[in-house]
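1. Model the structure of this input:
(chains A and B, ligands or ions: 3)
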Amino acid sequence: MPAKKLNLRKRYELLTRGMGWETTYQKMDDVFPYDSFEGIKITDWDKWEDPFRLTMDSYWKFQAEKEKKLYAVIDSFAQNNGQTNLACASYLSAIKLFITGVTPLEYGAHRGFAHLGRHFRGDGARIACQMQAIDELRHAQTQVHTISHYNKHFSGLHDPFHQFDRVWYLSVPKSFIEDAMSSGPFEFITSISFAFEYVLTNLLFVPFMSGAAYNGDMATVTFGFSAQSDESRHMTLGLEIIKFMLEQHEDNLPIIQRWMDKHFWRAYRLLGLVAAMQDYMLTNSPMSWKEAWEVYFVENGGALFEDLSRYGLKMPKYHELATAEADHISHQIWSVFCSLGNATGFHTFLPTEEKMAWLSEKYPDTFDKYYRPRFEYWAEQKKAGTFEYQKGLPQLCQVCQIPMVFTEVQTDPMQISYRVTEHGGDKYHFCSDGCKDIFEHEPEKYVQAWLPVHQIYQGNCGGPTLPEVLDWYKFKPEDSGDYIGSKDYHRWQEWKGADKKVKQA
Amino acid sequence: MAIIAKDGYVDNVRDRVENFHGNQLVYVGWDDHLLFSAAWAFPLPPEMPFQGLVSEVMPGSFNDHPDFEKIDWTSVEWVLDGKSFLPDMDKSLKDNGVGHKSLIRFKTPGLMGVNGTRL
Ligand SMILES: [Fe+2]
Ligand SMILES: [Fe+2]
Ligand SMILES: [Zn+2]
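-> Ligands and ions are numbered 1, 2, ... in the order given. As a prediction, this is how the structure comes out:
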């Protein structure tokens, strides 16, 4: 007798909930040793709702179709020399930062979710995490496949995973994901699925994907689209897990609020790199960092927390500061990259007149007053041939690991924001109260931070001189320095014809 | 507050002074000169005289700035770990109270950066 066709709900129940059981040979606490030490209380895992009710078999089918489409586009991109349609080769600095700084985060997210896919006690949540683990692995892989086409033609794209573990500014994303991965499963999912993917993901997605579209990079647009439907599933998971934890027990609220505060601040600091990319690296910027912040955080994030306030969850601590900093951080971070551009794995370049006019328009309160003068000063020096990269290694924040470039934007935007605390007889320095609070809550964790500048001085990074360190990073000489005059620049001139006006020239 | 992490963190202070081969880390930042986006970090022997910091170490990182050669060192205002102080130039960093990971800030009255822009 043929089996009756099951409806979606029934299928989902059988294929997820029906796959778990109460263990008897071993204690459940021994089988799931990681889901209680954080203090999160779950009384009934069956209350977990999976809004997608996706089963593994349909997941595979769905993903396979997307893969097929994506690889068809990648193939035709390669065959048609898609790289020649870029707005300018200098745009690729953004892609270099992406493949070295973001793709390894996808891989880290894969590892984290694989852990959760084994260690959450509830089968529904476990299956959702297993799918996300596969998604994130797929994202890392498709990004490598897509961007490897540019690697055939341009510098700086050759060793992203090696560099992620070593390079001074890549310790920013690395320490972010490793902080989450070394936490317990509930903190990990709060960090990645909620603080990052739900609250802040559009601030990453918009600049990269619509930035790619604005700059003729159809390869990046394509993997962006391929990942987008996964991301909406991830965002839903993020919101679901927060509501689930909050509904399960009232004792969970203060823990979640603290995680929210911490991981909002950590993710926000990480996005400072994206801000610089969005405002400066993109030849054509679809919107400024400040505009993106207003729309995606102030408006959308505000509405989200309004909705969550019925559980008692408040807006993340220091969000007002983040909003005040929206006028500053992209300029501050791009300045430090330009001044240390002989030690970056992507090309730096000063903003053109046209770009500066755009920045003045987008940042009427700050760009002309605080930031234009430094770019004009450096431009004059470059013209006179007296420009030199700065000689020194900057002080880093112990938590976010970004050079201490942020300023007191609410009182004096030209004064660096210095914060310090003592622990175990040693001093620890921070860029902000947000980073300081994170340290002070778990100092034993952050005293172990691998700060690139300190590691160089301890003799762990290939040698004491800059060339030795860059070699240890696997930066080739042609990867660094000004875009103008670089190998990428010359190749682009060759393709486009020297007479055609190239934007950055 | 105890650490809440799934892998046992052992007692490992990664930047303890013993790891710097006889040096200690010292950060030096020049207020109102934001062409330098951040303070610089230097590994220095604690026995180095403060004068050595001023005349041998700092120029290497700061003298690209047009204000640097104009500094009147007798009028410089020093801040050590958040408190204003008057260094004894002949005494060592250590005897001046400069410890591992101390932050030294200095202000140069009258010199407010390129065209007075605090850059
Ligand atoms: Fe992803
Ligand atoms: Fe994701
Ligand atoms: Zn920080």
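
2. Check the contact between B:Ile3 and B:Tyr9; I expect there is one.
-> Yes: using Cβ atoms under 8 Å, B:Ile3 is in contact with B:Tyr9, at 5.3 Å. The C-beta positions use only the backbone N, C-alpha and C, and glycine is treated the same way.

3. shared neighbours, those two?
-> Taking Cβ atoms under 8 Å, 6 or more residues apart in numbering or on different chains as the contact criterion, the common neighbours of B:Ile3 and B:Tyr9 are A:Glu444, A:Lys445.

4. Neighbours of B:Arg118, how many?
-> Using other Cβ atoms under 10 Å in any protein chain shown, the number of residues around B:Arg118 comes to 18.

5. now swap in A:His115 and tell me
-> Here the neighbour count serves as a burial measure; for A:His115 (other Cβ under 10 Å) it reads 17.

6. secondary structure element for it?
-> Using DSSP states H and E, the secondary-structure element containing A:His115 is helix A:103-119.

7. tell me which strands and helices that helix is in contact with?
-> On a contact count with 3 or more Cβ pairs under 8 Å, 6 or more residues apart in numbering or on different chains; DSSP states H and E, helix A:103-119 meets helix A:123-151, helix A:160-164, helix A:171-181, helix A:185-189.

8. What lies in contact with it?
-> A:32-35, A:125-127, A:129-130, A:132-134, A:136-137, A:139-140, A:143-144, A:147, A:160-161, A:164, A:170, A:173-174, A:176-178, A:180-181, A:185, A:188-189, A:192.

9. ok, residue 45 - contacts?
-> Picked chain A for this. So, once contact is read as Cβ under 8 Å, 6+ apart, A:Trp45 ends up touching A:Arg121, A:Gly122, A:Asp123, A:Gly124, A:Ala125.

10. try again with chain B
-> Shown here is B:Pro45, whose contacts under the criterion Cβ under 8 Å, 6+ apart are B:Gly22, B:Asn23, B:Gln24, B:Leu93.

11. residues contacting the residue nearest to the spatial centre of chain B?
-> With the centre of chain B defined as its mean C-alpha position, the nearest residue by Cα atoms, centre = their mean is B:Val28, 2.2 Å away. Counting by Cβ under 8 Å, 6+ apart, B:Val28 makes contact with B:Ala39, B:Trp40, B:Phe42, B:Leu53, B:Val57, B:Met58, B:Ser61, B:Leu103, B:Ile104, B:Arg105, B:Phe106.

12. in what helix or strand does the residue of chain B found nearest ligand 1 lie?
-> Scanning chain B for the residue nearest ligand 1 gives B:Lys6, at 21.9 Å (criterion: Cβ to the ion). Under DSSP H and E, no helix or strand contains B:Lys6.

13. Quick one: neighbours of it, just the number.
-> Residues lying near B:Lys6 (other Cβ under 10 Å) number 18.

14. Does A:Gly20 touch A:Ile127 like I think?
-> No: under the criterion of Cβ under 8 Å, A:Gly20 makes no contact with A:Ile127, lying 9.0 Å away.

15. quick one, which of the two is more surrounded?
-> A side-by-side neighbour count of A:Gly20 and A:Ile127, using other Cβ under 10 Å, places A:Ile127 first with 23 against 15.

16. so the more buried one makes contact with A:Met56?
-> Yes: with contacts counted by Cβ under 8 Å, A:Ile127 reaches A:Met56, the gap being 7.1 Å.

17. Between the helices and strands packed on helix A:103-119, which one is closest to chain B.
-> helix A:185-189 (7.3 Å; Cβ to the nearest Cβ).
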